[in-house]
Structure formats: C-alpha cells, structure tokens
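Visitor: no sequence on hand, only this structure:
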Ligand SMILES: [Zn+2]
C-alpha cells in the first residue's frame, strides 16, 4: 500500500451519522429549491389594494383568446381592449402609431408598423418616471397567454390595485408595446419618438415559458441601487447576479434591451422561464399558464411599483457605480456590493491555502499529494457535465421527438436524473481514488478549483463569483477545523457545514439555470452541480467504509446508489413525459413559392427532420436567396407542387434622377390574404444603396451603404407598403419582394399533422412564402 496513506484522520464517525448528514443536506437542497416556487394565487375577492391572479387571469383570457400577432385584426381588438381598460382605471391613455426599426440578424433590418398603448398615472411630486412595460402582441403560432398576456395582465391588475390607494409620488408610465416578437419594434418606436420616453427606471415583464418563478434576470449596468430596491421590495425575490452575467453574454434580446441601448433608461427585466416547451407555441394558452406564476409576477410588479413609485428616482435613474452580487435564499435575496467580490474570492484562496498547509502540518496530506488531488479533480469537472449532456443525447435517441426541443414538456424527472448523473460521476471518481489518494487531498484539491474559479469569475463575470467563493471559503475553514481537531463529531459538523454552504448557494442557482438553458444544453448548469458535488465530498466520505476496511462492495454502493437514482429518474421521466395532443412533438415546415421560376419547395429548419416533416423534405439544401427566418441557415428541402398563388405586386410610383442619384419609389401590395410581413431585397449591380425609406420611416443608417439592402417589414398598412430607395451607380436595379403568411393547410400536397405533432414554438415555423423579382431597370 502507498506509504503516504492519511496518517491522522482521527476517529471515524459511524456511517449512520454519515447517512443522517446526507439526508439533512438533501432535505436542505429540496427546501431551498422549493423556496423558489411561486405562491398560491389570490382569489378574485382579495382586498382591492392587493394583487389577485384570479382577477388578472380574466385579462389573460381576453388578450390570449386568439393569436394576435402584430398587424392582425385580433391585435387591433386587443389594443382597443387595453385602451378601454386603462382609460376606465383613470389613466390618460393613447395609442402610439409609428414604424419601429431594428437591425436584425444576418445583415438584415427589421421594421414594423406598431400600435403601442401608453397610459400615464401622474405622480404627486415626481422625482422621475417609472415605466412599466410588457408587450401586447403574441408570436404567430400561439395565443401568447404566458408571452406576454401574463405580463400585460399583471400590469393591468397592478395598476388597478394602485388606483385603489393614494397616488404615488412619481409618474408611472404604462407602456404596452407592439411587435416585440417581430423585431422589438414597438419598444424601438417608443424610445425613438414617444414624447414620454425621456428616460427613467423601467420594469419589463416577459416570459420564455409558461410556469415557474418569475426571475429578475437582467438589469442595467451599475445595478447596486436597483438590486437593493428589488431585494427590499419584491415579495418573491428570485434573482441571481450570475443570470445577469450570463444574459449579457448571450445574444438574446427583449424590449428591455432596446431601452437599455437607448441610453436614457435604467431598470430591471423579469421573466418566468419554466415550461419552455410551450413557449411561442399553439400550446401557450390561458389554461396552461400557471396562476401561481402570475401571482408572483403581479405581487412583485405591484410591490416594486409602490416602492420605486414612492422613492427618489434621481439616483436610481442613473447607472450606479457598480453591480451588486445577489442570489436567492428561501424567501429572501442575499445581496452585497460588487466591491466585496474580490475580497471574498481572495479570502477563499487564502483559506484554501491555509487548509492545504494545515493538512500538511497535521501529516494528513503532503503538498504533493494535495496537488495530485487538485489535478485529479479535473476529471469530474470535465466528465460529469459531459455525462449530463450525454444523458440528453440518450433521451433523444430513445425519443427522437425531443431532438428540436429546448426542454421536454415535463422536464422535472429528467432534471433530477441529470443531477444524479453528475453526482454518479463525482462519486465514482471519488470511490476509485479515495483509498489510493486519500479523502483529504481529494476534497482539498477540489476546493483549489472552487477558489480558483471564484477568482477567475471575479475577473470575467463578477456576478457569478459567489457560486464558487462561498463553498470554497466555508469548505476550507471547516476543513481546517476538522484537520486541527479531528474528532468524529467535529468531522460530521464540518461536513455538514461545508455541504450546507454549497447547497444553499448552489442548489437554487442550479434550479434556475436548468430551465434557463434547457436539458438540451444541460452541460452548463451541470457545471454548477459538479461544484456542489465537489464541495459535498467531506459529507460523501462519511458514507464510505473506513479506508482500512478494504470493503469494495461497501465503497461501490455509494456511486451505484446514485447511478440507480439517475436511471430511476430518467425512466420515470420517460414514462411521465409522453407526447400527445396536448404535449405534441414540435415540427417546422415552410413552403416557398418562386413565381418567376414556377417552382415550389418545402423547407424545414429541423436539423434532423421528424417523422412528419420527413415526408416533405429529402435532404439539406440551400435556398439561393435569403428569406425571413430561413436566412443564413442550413435547411432541409424537398420539391413541392406549385400553388396558385401570386407574389406581391410591385408598382413603380416614381423613378427620377435627383442630384446624380436615382430615386425610385415603389408600392408593394400583397395579392393574397393574411400576409404578415413583406421581405424586400434591393440589389444594385456595381452600385450602392444610399438611402431607404419604408412605410414612412428611414431605414437605419448602418443598414445602407452596400450594393444590397434587405428589409423585413411586419404589419403592413392595408393599402400596401410604400418604399423609396436612393441608389448610386448605373447598373441594373432589382427588387426581390417576398410576402409571408402563417399556415400551410390548403396547399397542394400538404398533409395535416397527425395528433401529437404540432407547429413548433419557433418564429416562422409554419410559414408560407411567395417570392418574385422585379427588374427596376
Ligand atoms: Zn415575449
């Protein structure tokens, strides 16, 4: 046997104590995770000054009765209803009709004609403006009960509760935006041209799922003041400064991003994200929306509005000096200044160094051995998240319908399985090495990574440093105590304390992070679970037999138990989460008709087409030109029968040379029903598009200046879209005009989806595109 076997580990506690410790820690994990869950909805007869989800739900049902995508007649009805409701509540309410414009992906510009509903609740002695924002349009495939009728309804009910009490000090501006789904164009138009958009503090309410706790996941920069206000006022303060860091690194946008880009606003963005399978889909119906979620959303909206509406906004409306660190504990939010991040990471590093030296001084582990433990800790750090990702690959192999889903319909058991898989890898690694390397060097070596991680995060994503700093700090301090006083009870207490610190800090973040990324991206949240697993090694050690016992069976029992747990959770998940009409396999299919060529094609953005989609497509293909939602993507295509449909009519209104430049004005008129958008691609051979003006608004400067200009315009005026272009150069000018509507039924060769297969919740999932090129000479 290796001579450097741990020399002085003291009297070993009994395994019953170990079992009790682990059960306590598991219970603590469950308690912290359940503590995030939203409350019971308040009944319709709740006191007038309170928020009631049941009252708000009436608005959800009205707004989300049907799909109400920007520009549709259903959307116009929703706008009328919102104006009526806010006016009845006593707000001076107007509709802002304007054209919004945003740079989109793949070099395109997106524009939309929008109808924002803006109402004002004047303050008694305003120090600034508080903006309450949500979007009233839905995505094209579903009625948008969660996204974002819930946000709008939460604001309406909050405003009702406010008007039942004394007026607030500050002005409250309710901004219900249009065309968020199309291009964030409502928010853009508001920020760009509304007289009330002078700046202030914004609270935006969004959804990326149908249930779960509303999470305050995004803030303006320098959020210390706002985070403190949130921690103090919010009734269900679920937020993590790590989410802020993650979101800043992702390309995702909401209306809130538009206002932040504008520069005059500070604020906080809240969304609920669980139940992501229903997001943007036909299943985003009122009956699927969690009323508990609605209650939490409204409780927070009302409480924050009262707090911020009554406080001095002059400092909060300006970016603060620093970002705060904050994370949830059951029922509250821990928050402390960003200035503490480095000292904490430093303290963790010093404490871990202290532990390493204490282990050496007590003859428990040499420096070399601890370094070996640290090196070996890389194995679970890399392998365990990969194993969790592998679990998803396995689930997709068993059930191919999961292939294009972010998260399954009922992901709960699968999430537990992913956690169990991570713990299995950690425990297996530990079981294989603990006799050879020793429990102490392995646990201390793992803490080296946690402390190092805390420092790295402090440098690159300070809001996330807490995840590693606290477990490392507490783990090292308790480890030092256990090394210096190696009595059985001390070891149990040390393991319990270090485990508790890891669980309290990491379990809620993991529980928020899994739904945020979905099981299809289980790798990243699993890293959080590995960190917890490594910090829990001293507790796990109590379950193992004495290293001298040489009982392989007893040692194997620990990882095997975790493995059995993983298998049980995965199999239960598979039996609980079956596809049916209410929980369908999502599918994406578009139909593209080129009337110039008399050619039609089926197109799908599913990377591995599902059974139904596969009838239409026969392999990867390219489309030859860029189309909305399909541009720049690998697509699957297949031949289709040509439908009797016409491309939009393009008529030249005027064509003049002014100051050596050609100015062309055209009118684009769809020749079929329910056209939701028109995509225009203007090309000038060997020349430049210098200016564009579409639907009465200039195309943003940074989109012009090339030989090609591409603009997708949503929510067209009833009499067609007028577009003016200024071009330089003598080369021929060509305009490709494509119009798009939603729904494929009635097309020749189309076979309806069977029960259990439905339109996916991605934009453009059931798109019908008709395109033609007009030579403008
Ligand atoms: Zn939304």
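Guide: Received it, and whenever you're ready, just let me know what you need. Please read all numbers here as calculations on a predicted model, not as lab measurements. Numbers count the residues shown, from 1 in each chain.

Visitor: where does residue 259 fall, phi/psi-wise?
Guide: Note on residue 259: its backbone torsions stand at phi -70, psi -40 [degrees, to the nearest 10].

Visitor: which ones are touching the residue nearest to it when sequence neighbours are not counted?
Guide: The shortest distance from residue 259 to any non-neighbouring residue, by Cβ to Cβ, 6 or more residues apart in numbering, is to residue 265 (4.3 Å). C-beta here means a position set from N, CA and C on the backbone, and glycine is covered the same way. In this structure, residue 265 makes contact with 131, 191, 199-202, 220, 259, 317, judged by Cβ atoms under 8 Å, 6 or more residues apart in numbering.

Visitor: now the helices for the stretch 51-200 of the chain?
Guide: 53-63, 73-88, 151-163, 180-183, 185-193 (DSSP state H, counting those that start in this stretch).

Visitor: what does the first one rub up against?
Guide: By Cβ under 8 Å, 6+ apart, the surrounding residues in contact with helix 53-63 are 41-44, 46, 78, 81-82, 85, 136, 144-145, 149-150, 152-154, 156-157, 160, 286, 289, 291-292, 294-295, 298.

Visitor: thinking again about what came up before, of the contacts of residue 265, closest to residue 716?
Guide: Nearest to residue 716, judged by Cβ to Cβ, of those is residue 191 at 22.7 Å.

Visitor: isn't that closest one up against residue 197?
Guide: Yes: Residue 191 is in contact with residue 197 according to Cβ atoms under 8 Å; the separation is 5.2 Å.

Visitor: list residues touching both of these two?
Guide: 262, 264.

Visitor: picking up where we left off before, buried deepest among the helices of the stretch 51-200 of the chain, which one?
Guide: Of all the helices of the stretch 51-200 of the chain, helix 180-183 carries the top mean neighbour count, a mean of 28, counting by mean count of other Cβ atoms under 10 Å.

Visitor: which residues are in contact with that one?
Guide: The contact list for helix 180-183, computed with Cβ under 8 Å, 6+ apart, reads 69-70, 100-102, 104, 110-112, 135, 137-140, 144, 148, 186-187, 254-255, 280, 677, 712, 714-715, 763.

Visitor: for residue 272, phi and psi?
Guide: Here is the backbone geometry of residue 272 (degrees, to the nearest 10): phi -100, psi 140.

Visitor: flag every residue of the protein that's near the ion.
Guide: Applying Cβ under 5 Å from the ion, we find that the chain lies next to the ion at 147-148, 206.

Visitor: okay if I get those residues as TSV plus pLDDT and neighbour count?
Guide: What follows is the residues of the chain next to the ion, written out as TSV (pLDDT from 0 to 100; neighbours: other Cβ atoms under 10 Å):
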residue	pLDDT	neighbour count
147	97	31
148	97	32
206	97	25
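
Visitor: quick check, nearest of the residues you listed to residue 753?
Guide: Residue 753 has its nearest neighbour among the residues of the chain next to the ion in residue 147, at 22.2 Å by Cβ to Cβ.

Visitor: now do the contacts for residue 572.
Guide: Residue 572 makes contact with residue 413 under the criterion Cβ under 8 Å, 6+ apart.

Visitor: part of a helix, is it?
Guide: Yes: under DSSP: H, G, I helix; E, B strand; the rest coil, residue 572 sits within a helix.

Visitor: against residue 566, how distant is it?
Guide: According to Cβ to Cβ, to the nearest Å, residue 572 and residue 566 sit 11 Å apart.

Visitor: over to residue 330?
Guide: In terms of Cβ to Cβ, residue 330 sits 26 Å off from residue 566.

Visitor: how about residue 573?
Guide: Remark: distance between residue 573 and residue 566 (Cβ to Cβ) = 11 Å.

Visitor: which residues are in contact with each of those two?
Guide: residue 417.

Visitor: can you pull up the most central residue in the protein?
Guide: residue 516 (5.1 Å; Cα atoms, centre = their mean).

Visitor: any idea which element that residue lies in?
Guide: helix 488-517 (DSSP states H and E).

Visitor: quick one: distance of that helix to the chain centre.
Guide: 24 Å (Cα atoms, centre = their mean, to the nearest Å).

Visitor: list the contacts for residue 148?
Guide: Taking Cβ under 8 Å, 6+ apart, we find residue 148 in contact with 134-136, 138, 180, 205-207.

Visitor: can we see that at 7 Å?
Guide: 134-135, 206-207 (Cβ atoms under 7 Å, 6 or more residues apart in numbering).

Visitor: check residue 87 too.
Guide: residue 93.

Visitor: then residue 172?
Guide: Residues near residue 172 by Cβ under 7 Å, 6+ apart: 121, 130, 132, 305, 309.

Visitor: try it again at 8 Å.
Guide: Residue 172 is in contact with 120-121, 123, 129-132, 159, 162, 305, 309, counting by Cβ under 8 Å, 6+ apart.

Visitor: filter those residues down to the buried ones, ChimeraX style.
Guide: Only the buried entries of the contacts of residue 172 go into this ChimeraX selection, using 16 or more other Cβ atoms under 10 Å:
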select :120,121,123,129,130,131,132,159,162,305,309
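
Visitor: quick one: the contacts of residue 172 as TSV, columns for pLDDT and distance to residue 670 too.
Guide: Shown next, in TSV, are these (pLDDT from 0 to 100; distance: Cβ to Cβ, whole Å):
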residue	pLDDT	distance to residue 670
120	97	37
121	96	40
123	97	45
129	97	40
130	98	41
131	98	35
132	98	36
159	98	38
162	97	43
305	98	42
309	97	45
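
Visitor: just the ones of the contacts of residue 172 in strands?
Guide: Assigned to strands by DSSP state E, the following of the contacts of residue 172 qualify: 120-121, 129-132.

Visitor: secondary structure of residue 617: a helix, I assume?
Guide: No: counting by three-state DSSP, one finds residue 617 to be coil, located in no helix.

Visitor: quick one: contacts for it?
Guide: Contact analysis of residue 617 by Cβ under 8 Å, 6+ apart lists 589, 602-604, 609, 636-638.

Visitor: phi, psi of it?
Guide: Residue 617 adopts backbone torsions of phi -110, psi 150, taken as degrees, to the nearest 10.
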